[in-house]
Structure formats: C-alpha cells, structure tokens
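J.: fold the following.
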Amino acid sequence: MATTSPFHAGELAVQARAGVAHSARMNGAALRSQIPAGAVPFLAQQPMVIVASISQDDSVWASVLLGNPGFLQAEGVQGVSFDVNPPRSAPDDPLWRNLQDNSHIGLLVIELGSRRRLRVNGRARTTAEGRVSIDVETAYPNCPKYIQRRQFKLPVQAESEGPIASRHGSLLTADHRDWILRADTLFVASAHPGQGADASHRGGRPGFVQIPHPQTLRIPDYPGNNMFNTLGNFENYPHAGLAFVDFEQGRLLQLTGRPVIRWDISDPDGRSGGSGRFWDFEVEAWRESALALRLEWEFLDYSTFLPPQKHAAGDLVLQVAEIHQETDRIKRFRLRAFDDAALPAFAPGAHLPVTLEIETGERVQRHYSILSAPDERGYYDIAVLYKTRGRGGSRHLHESIRAGDQLMSGQPRNEFPLADMAEHSILIAGGIGITPILSLLRSLQERGQSCELHYSARRRSGLAFRKEIEDLVGDRARFYTSQEPDGGRIDLEAILERPNEGVHVYVCGPRRLIGAVRDVAADNGWPTEQIHFENFGAAPTAEDRAITVTLAISGTVLTVPATQSILDTLLDADLAVPHDCKRGECSLCATPVLEGNPEHRDLCLDKNERKEFMCVCVSRALTDHLTLDL
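T.: Take a look at the predicted model:
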C-alpha cells in the first residue's frame with residue numbers, strides 16, 4: 001500500500017545521496033501536526049525563540065526574539081503565539097515586514113541550559129490582541145546533539161521599551177568575521193516554496209565555522225536525524241538566513257544569502273564529524289543590532305557529541321602504576337605517563353576515553369571519570385565498577401589488567417564542569433557515580449567554596465572512598481545505605497526543598513537517582529540550568545526480565561528479551577520507529593503507551609510527557625506487558 005511521504009523532493013534527494021533514505025523514513029514518523037502535550041509548559045518557560053521568515057524578494061532571514069518567560073505561549077496543541085510589546089527585536093528586523101507579505105513561519109524554541117528544543121512550522125497571523133499567532137502545521141522535538149549549554153539570568157531591570165539600535169550592510173566587516181570565527185552556536189533559517197519556513201540550530205567548538213573567502217562561510221554538517229530538513233530546503237530553494245548571537249555583549253548578527261551543499265570537500269581532520277558534508281553560505285546582506293533583552297549568560301559546557309578536537313600531543317600512552325581494590329566490585333587504577341612526564345591538565349568532572357581490547361578481540365573505547373585532584377599532574381586516578389552484564393570493558397580491566405600494563409587513552413574531556421556562578425554546590429552521588437563527584441568535591445574544597453555531599457550505596461561496603469571523603473570535608477558529607485536497616489535513604493525532598501539562584505546541584509549515579517533528582521527539582525521549581533548530571537549510559541541491569549509488547553495498530557505481539565531494548569526488538573521486526581541517540585536523551589523514539597506501566601529510564605521526558613509516552617530505546621516495564629500505539 002502506498003504511503004504519503006512527509007518529505008519534499010529536496011529532502012528526498014539529499015537523503016538518497018547521503019544513503020539514509022530508510023532511516024529518514026523511520027524518523028519521519030516523529031513529524032506531527034500538533035505540539036506534544038508535554039511541551040506546552042516548556043514553551044511558557046522560555047525567554048528566547050528563533051524565527052525563520054521569507055521576504056518578498058525571496059531572501060530568507062533568521063530572527064532572534066527575546067522576552068521575559070511567558071511572552072511565548074502555546075494555544076492548546078494546535079497553536080503558538082507571542083506578544084510583540086515591548087519589542088522583541090529591532091523595529092527594522094526583516095521579520096516584521098516579511099510576516100505582512102508571507103505568512104509562512106518557522107520557530108525553533110531552544111532551552112540551551114537543558115539542550116531541549118522544539119521545531120514548529122506553520123502560518124502566522126496577527127490577532128486582535130496584538131499577538132502573533134501561529135497555526136501549527138508541523139511540530140517535533142529535536143535531539144540535544146551539538147548544543148552548548150548556557151544558563152541565563154534575567155536582568156534586574158525590566159524589559160526595555162526604548163528603541164533598539166541597528167545597522168546594516170552587504171560586505172562583512174573584520175569584526176563580523178572575528179565574531180563568526182569565535183562562535184560556538186548559530187541558527188539557520190531555510191524555506192521551501194510549498195512547505196514554508198524552518199528554523200534550526202548548528203553548534204561546534206569555536207572555529208567550526210570557517211571563512212574560506214571574505215563573503216563565504218563554510219559550515220560542517222555533522223551527522224543528525226537523517227531527515228535533512230535544512231539541507232533539503234537548500235536543495236530546492238537556495239536561499240537561507242543565519243543568526244549569530246554574541247552572548248557576552250548582547251548583540252545579534254543576521255545574515256541572508258545563498259547556500260550550496262558541498263559533497264566534494266576533502267576532510268582529513270574529521271571536521272564534519274565523519275559525514276563528509278559541508279555547506280557554503282555566500283553572504284548577500286547583513287544586519288547587526290542589540291538584543292531586545294540583555295540576559296546574563298553563563299557558559300556551562302560543550303556538547304558531548306562534537307567531533308573530538310585534534311591535539312598536538314595526540315593520544316596518551318599510560319602505564320598502570322598501581323591497582324587498589326576499593327570495594328568488592330570497584331577497583332582504582334592509577335595511571336602515569338610512561339616517561340613520567342606531566343600529564344595534560346584537566347578540569348574537575350573530566351573523564352578519560354580509554355581504548356581497550358576486550359575478550360572478543362574487538363577494540364572499544366570506554367569513558368572513565370578522573371577522580372584525582374585537578375592540580376595533580378603526575379597521575380590520573382580512575383575507578384571502575386565490575387559489571388557482570390556490561391559490555392566487556394570493566395571485565396577486561398578487572399580480570400586482565402595488571403600493574404605495569406599499558407593503556408591507550410585520548411586527552412581528558414569534560415562534559416560535567418562546575419558552574420562558575422555557584423555560591424553553594426549540592427553534590428549527590430549513587431554507587432560508582434562518586435567518581436566524577438569526588439573530583440568536583442576536591443576542587444570545591446581547594447577553592448574554599450561552600451558545598452555539601454550526599455552519597456548513597458546499597459551497603460556500607462559499597463561506599464568507595466569514604467575515608468578520603470571524610471578527611472576532605474568532614475561532616476559536610478552524609479552517607480546513606482539503602483539496603484541496611486539503619487542506613488537511611490537520601491531525602492531529596494528535604495535537600496531540594498527550596499530553589500536558590502546561587503545554588504547548583506550535581507548528580508551522578510544510576511538513572512533512577514538522576515531521574516528522581518530531576519523530577520523533585522522540577523516539582524519544587526528549580527531551573528533546569530541549575531541541575532547538572534553525568535550519565536553513564538543505559539546498560540541492561542541484572543533485574544531486567546523479558547516482557548511482551550503488543551502493537552495496537554497492527555496487533556503484532558513481540559517478546560522483548562531481558563538483554564535487548566524494546567527499540568531494538570521493534571527494529572529487528574522491521575518496524576519503522578524514529579530514533580537517534582539510543583541513550584534516552586533525544587526523545588525521538590518517544591512512543592505513546594496505551595496499556596501497562598512503563599519503567600522510565602530516559603533523561604529527556606518530563607513528568608507530564610511520561611504520563612503518555614515512553615522512550616523505547618532505554619525504558620522497560622514494571623508490568624509484564626505493554627501496549628504501544630504502533
């Protein structure tokens with residue numbers, strides 16, 4: 001039976017050339033004609049929205065609108081609106097004239113602090129109340145890939161009602177080129193004559209946008225969801241807009257021009273993240289203006305998905321100097337450089353990407369948090385939990401590695417840094433999750449900064465590094481053992497009772513603990529930007545059991561083995577299920593649950609969304625059976 005594709009000819013052409021047509025068809029099922037119900041409160045919490053619009057001369061512009069949270073609202077699940085008083089951008093922003101001539105509009109609602117984003121495309125109209133209202137035609141969440149986390153604070157003064165200064169031109173200035181080369185974030189507006197405007201995000205480390213010629217930008221196209229909405233629009237309608245935000249100075253640079261997809265550029269350094277794709281953007285005109293609302297932004301960390309940086313020192317050759325059995329299942333490995341040279345510096349919260357050859361003969365990379373002090377350059381300490389049902393890395397280290405052996409590692413990486421603006425830090429660790437937390441604790445103690453630690457394990461024998469922690473911070477550390485009569489449990493309600501602007505929370509451990517911290521914090525009104533977590537993945541647990549899943553639309557009944565995810569079982573049955581990360585972080589595989597009680601293990605759905613959906617890539621069931629709307 002023939003089905004109608006959600007993609008236009010340009011998107012299909014790019015998907016075919018990239019060899020991902022099958023994956024795109026599966027992920028296309030995520031495109032909906034309404035806003036997900038769980039996203040309704042998310043919209044009202046945002047101070048920023050990116051808007052794509054089309055001008056009368058066919059050019060495309062990306063605009064950045066800002067206001068106090070609440071200026072953007074959902075109108076049920078079929079509409080979105082925003083107010084325009086006070087002004088949300090400069091009065092001569094092309095957006096305002098474009099909406100008079102062409103009602104097509106694309107929105108990107110992005111929360112940098114949590115890496116959540118929602119794309120909404122539709123048609124705009126002005127209401128009698130003076131708001132811009134958008135009738136939703138397409139809406140879908142995007143994965144968190146490539147987003148640099150930033151936390152914002154609202155300014156002390158109210159929103160400005162005065163004029164917003166701007167200037168414009170055609171030739172980029174030296175200041176503009178420097179601005180672009182320093183950027184780690186840009187927003188893209190693209191369009192299709194029949195299907196309207198679209199706004200999206202691109203991110204990388206400073207320098208990821210190149211300027212091969214004075215008016216030409218070159219942007220790598222990292223691997224994504226394979227739908228190619230942006231590049232597909234380029235293919236059919238070679239007009240686009242870019243927006244660069246200067247988060248420190250409160251400025252906006254808008255560019256309009258012509259994009260060209262480049263499939264022919266050599267990429268020996270892996271700047272494209274392995275895709276081999278770039279696109280060039282020829283600048284035709286620019287506008288520079290002040291932002292309508294001067295938020296205070298603090299950079300938190302780079303995305304873990306960015307292509308690794310090239311280091312002059314290359315990989316590290318490390319020698320296992322000492323091995324200590326910290327608990328019955330945790331070993332500490334002290335690693336030194338073979339020549340006893342000083343090791344590369346790292347920030348608290350960093351990890352080492354270690355290459356191992358496991359018992360199958362396969363070479364794999366595993367990531368282990370560095371728990372030694374950041375100012376110690378003579379060695380790195382890592383700790384490894386033995387997992388009987390893991391992927392082989394911990395077993396290899398525990399059973400095969402001896403003192404004197406050699407290990408290969410990449411440079412330290414950090415996706416769990418301390419926030420510079422914190423006046424007090426609450427550290428929460430569960431089990432092996434103490435490893436990055438201990439590094440944070442050492443650094444906070446060294447800096448003389450206020451902090452407290454809550455550390456839980458099943459039994460006292462599982463509290464690794466307890467004496468070190470007690471010697472380090474004394475009674476500012478509290479210990480809990482959930483399976484011992486007098487051990488107690490972490491009282492998250494008490495710890496997170498009242499949100500405080502100067503307090504940041506850091507949690508690492510089992511997904512249930514991370515999920516519980518996020519849920520309690522959200523219920524008590526903590527901003528998502530103040531909750532930081534380190535995720536060790538979603539490997540099967542010893543308690544997992546086989547379950548049956550019924551697909552309501554087809555009536556198919558599948559058995560999901562204890563060692564396999566629901567998503568992989570569905571894919572093995574040749575069912576088209578949208579997916580990307582397979583780590584419970586992007587929400588692309590979120591599927592409606594009609595019957596049964598899911599066991600949620602994702603890190604992306606909020607409590608409202610979990611009432612209706614589950615992420616089938618990592619979540620399982622508390623009951624023996626689930627019925628999914630598939």
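
J.: where along the stretch 101-250 of the chain do the helices fall?
T.: Using DSSP state H, counting those that start in this stretch, the helices of the stretch 101-250 of the chain run over 174-182, 229-236.

J.: make CSV from the ones you listed and add distance to V40 to it.
T.: For glycine as for every other residue, the C-beta is placed from the backbone atoms N, C-alpha and C. CSV is the format used below for the helices of the stretch 101-250 of the chain (distance: least, Cβ to Cβ, whole Å):
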stretch, distance to V40
helix 174-182, 35
helix 229-236, 23
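
J.: I'd like those as TSV, with mean neighbour count and distance to E497 appended.
T.: Converted to TSV, the helices of the stretch 101-250 of the chain look like this (neighbours: other Cβ atoms under 10 Å; distance: least, Cβ to Cβ, whole Å):
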stretch	mean neighbour count	distance to E497
helix 174-182	14	41
helix 229-236	24	43
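
J.: so which of these gets nearest E470?
T.: For E470, the closest of the helices of the stretch 101-250 of the chain is helix 174-182, at 44.3 Å, according to Cβ to Cβ.

J.: average pLDDT for the closest one?
T.: Regarding helix 174-182, the rounded mean pLDDT is 95.

J.: what helices or strands is that helix leaning on?
T.: When contacts are defined as 3 or more Cβ pairs under 8 Å, 6 or more residues apart in numbering; DSSP states H and E, helix 174-182 packs onto strand 210-213, strand 240-246, strand 251-262.

J.: tell me which of the ones you listed is the most buried.
T.: Comparing those by mean neighbour count (mean count of other Cβ atoms under 10 Å), strand 240-246 comes out on top with a mean of 24.

J.: please compute how far it lies from its chain's middle.
T.: Relative to the centre of its chain, strand 240-246 is centred 20 Å away, using Cα atoms, centre = their mean, to the nearest Å.

J.: same thing with stretch 145-154?
T.: 10 Å.

J.: now the end-to-end length of that stretch.
T.: Terminal residues of stretch 145-154 lie 26 Å apart, using Cα to Cα, to the nearest Å.

J.: what residues of it count as buried?
T.: For stretch 145-154, the neighbour count (16 or more other Cβ atoms under 10 Å) marks K145, Y146, I147, Q148, R149, R150, Q151, F152 as buried.

J.: state the pLDDT value of the third one.
T.: pLDDT recorded at I147 is 95.

J.: touching, it and G203? I think so.
T.: Yes. Between I147 and G203 there is a contact under Cβ atoms under 8 Å: 5.5 Å.

J.: still on that earlier bit, mind listing which of the buried residues of stretch 145-154 are in strands?
T.: The strands, defined by DSSP state E, take in R149, R150, Q151, F152 from those.

J.: ok now do I566, which residues does it touch?
T.: For I566, the contacting residues are I547, V549, V560, V616, C617, S619, R620, L626, by Cβ atoms under 8 Å, 6 or more residues apart in numbering.

J.: hey, what's the second one bridged with?
T.: If I follow you right, that is V549. Beta-bridge pairing for V549 (DSSP bridges): L558, L626.

J.: re earlier: so which of the helices of the stretch 101-250 of the chain gets nearest F82?
T.: Per Cβ to Cβ, nearest to F82 of the helices of the stretch 101-250 of the chain: helix 229-236, 22.1 Å.

J.: which elements pack onto the closest one?
T.: Under the contact criterion of 3+ Cβ pairs under 8 Å, 6+ apart, the helices and strands touching helix 229-236 comprise helix 9-18, strand 185-192, strand 196-203, strand 251-262.

J.: need the CA coordinates for the second one. CSV is fine.
T.: What that stands for is strand 185-192. What follows is strand 185-192, C-alpha atoms only, in CSV (Å, rounded to 0.1, in the frame of the first residue of the first chain):
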residue,chain,number,x,y,z
THR,A,185,26.4,28.4,18.1
LEU,A,186,24.4,29.6,15.1
PHE,A,187,20.8,29.5,14.0
VAL,A,188,19.7,28.7,10.4
ALA,A,189,16.6,29.7,8.6
SER,A,190,15.6,27.9,5.4
ALA,A,191,12.5,27.5,3.3
HIS,A,192,10.6,25.6,0.7
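
J.: could you say what helices and strands that strand packs with?
T.: Strand 185-192 packs on strand 48-54, strand 60-66, strand 104-111, strand 196-203, helix 229-236, strand 240-246, going by 3+ Cβ pairs under 8 Å, 6+ apart.

J.: can you check the third one too?
T.: Applying 3+ Cβ pairs under 8 Å, 6+ apart, we find strand 196-203 packed against strand 48-54, strand 104-111, strand 116-126, strand 131-142, strand 185-192, helix 229-236.

J.: what does the first one give?
T.: Under the contact definition 3+ Cβ pairs under 8 Å, 6+ apart, helix 9-18 sits against helix 21-27, helix 229-236.

J.: show me what the mean pLDDT comes to for the first one.
T.: In other words, helix 21-27. 88.

J.: re earlier: can you add distance to T435 and mean pLDDT and give the helices and strands packed on helix 229-236 back as JSON lines?
T.: Output for the helices and strands packed on helix 229-236, formatted as JSON lines (distance: least, Cβ to Cβ, whole Å; pLDDT from 0 to 100):
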{"stretch": "helix 9-18", "distance to T435": "38", "mean pLDDT": "95"}
{"stretch": "strand 185-192", "distance to T435": "30", "mean pLDDT": "97"}
{"stretch": "strand 196-203", "distance to T435": "28", "mean pLDDT": "97"}
{"stretch": "strand 251-262", "distance to T435": "40", "mean pLDDT": "97"}
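
J.: leaving aside the residues next to it on the chain, what's closest to V188?
T.: For V188, ignoring the flanking residues on the chain, the nearest one in space by Cβ to Cβ, 6 or more residues apart in numbering is S200 at 5.0 Å.

J.: residue contacts, that neighbour?
T.: S200 touches L108, R119, N142, F187, V188, S190, N229, T230, counting by Cβ under 8 Å, 6+ apart.

J.: touching, the fifth one and G106? I think so.
T.: In this case it means V188. No. V188 is beyond contact range of G106, at 10.0 Å (criterion: Cβ under 8 Å).

J.: make JSON lines out of the ones in strands among the buried residues of stretch 145-154 and add distance to T528.
T.: Formatted as JSON lines, these follow (distance: Cβ to Cβ, whole Å):
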{"residue": "R149", "distance to T528": "10"}
{"residue": "R150", "distance to T528": "12"}
{"residue": "Q151", "distance to T528": "9"}
{"residue": "F152", "distance to T528": "11"}
